[in-house]
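Asks: need a structure here:
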Amino acid sequence: MSNLIEFQQITKVYGQGQAAMPALRGINLCFNEGEFVAVMGPSGCGKSTCMNLLGCLDTPTTGTHWFKGITVNQLSRDQQARLRRHYLGFIFQGFNLLSRTSALENVELPLIYRGTPRAERHQRAKAALQIVGLQGWEHHTPSELSGGQQQRVAIARAIVTEPAILLADEPTGNLDSVRSQEVMELLRGFNRERGLTIIMVTHEPDMAAYAKRIIRFKDGLVEMDTLN
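Replies: Numbering: from 1, shown residues only. Next up is the predicted model:
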């Protein structure tokens, strides 16, 4: 496995002066290609801030963030946006699907932002939906789908660009236990069979058990980093 992401002495402070609130207090982390990592910790511990930095949705206050040897925090906003589009896939707890848009059209969205020709993105979106077990559901809107099916659409949208990393923020938070296990089996399959790197925030030990490595945050610091 080769080094994909590295954080060196990363801090993140929100606000200034007396209102300053440190979210990360100088963390060092390394993520390798092909890992499946669960990030855990209580609310306010820094794990969501860490995920925002990993997703290039925010920049550190101090420290260095490398992605494939490139110093991310020296990139312009446009360059960081291109990095997100071409290398990162996102899964959210709330699915974040467009309500009046079909499953197929929801999955096509990242390819539209990339400028992928219509016929190609249509074909790739259908293939992604088939991978997550939703063949035949392409033209249903989110309101016609169960919570588990909606999360499968969201996963298809995340993988349709063939990202280097899948960032999942509480991907089972809105699902019952059966649907949660189905989603986690999907993610584990992507990791094992496709070598997809997955970094997942979760509060649930049962879900973290699917990961190969667990990182636990406390008070803006890495409290524990161990193989599972």
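
Asks: For the helix or strand harbouring N28, name the packing helices and strands.
Replies: Element membership for N28 (DSSP states H and E) is strand 21-32. Judged by 3 or more Cβ pairs under 8 Å, 6 or more residues apart in numbering; DSSP states H and E, the packing partners of strand 21-32 are strand 3-14, helix 47-54, strand 197-201, strand 221-227. Where C-beta positions appear, they are placed from N, C-alpha and C, glycine not excepted.

Asks: One more pass at 6 Å, please.
Replies: strand 3-14 (3 or more Cβ pairs under 6 Å, 6 or more residues apart in numbering; DSSP states H and E).

Asks: Parallel or antiparallel, list what pairs with the strand it packs on.
Replies: Using DSSP bridges, strand 3-14 pairs in its sheet with strand 21-32 (antiparallel), strand 62-67 (antiparallel).

Asks: now it against strand 221-227, angle please.
Replies: 160 degrees (axes from the mean of the first three to the mean of the last three Cα atoms, to 10 degrees).

Asks: quick check: mean pLDDT across the lengthiest helix in the chain?
Replies: Counting residues, the longest helix found in the chain (DSSP state H) is helix 177-194. Averaging pLDDT along helix 177-194 gives 94.

Asks: Next, the buried residues of that helix.
Replies: By 16 or more other Cβ atoms under 10 Å, the buried positions in helix 177-194 come out as 179-184, 186-187, 190-191.

Asks: now the residues you listed as CSV including distance to V39?
Replies: Putting the buried residues of helix 177-194 into CSV (distance: Cβ to Cβ, whole Å) gives the following:
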residue, distance to V39
R179, 21
S180, 17
Q181, 20
E182, 21
V183, 17
M184, 15
L186, 19
L187, 14
F190, 17
N191, 15
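
Asks: which one of those is nearest Y87?
Replies: Distances from Y87 to these, taken as Cβ to Cβ, are shortest for F190 (15.4 Å).

Asks: State the distance from that closest one to G34.
Replies: To G34, F190 is 11 Å away according to Cβ to Cβ, to the nearest Å.

Asks: tell me the SS of C56?
Replies: coil (DSSP: H, G, I helix; E, B strand; the rest coil).

Asks: Would you confirm that it contacts R82?
Replies: No: counting by Cβ atoms under 6 Å, C56 sits too far from R82 to count as a contact (9.6 Å).
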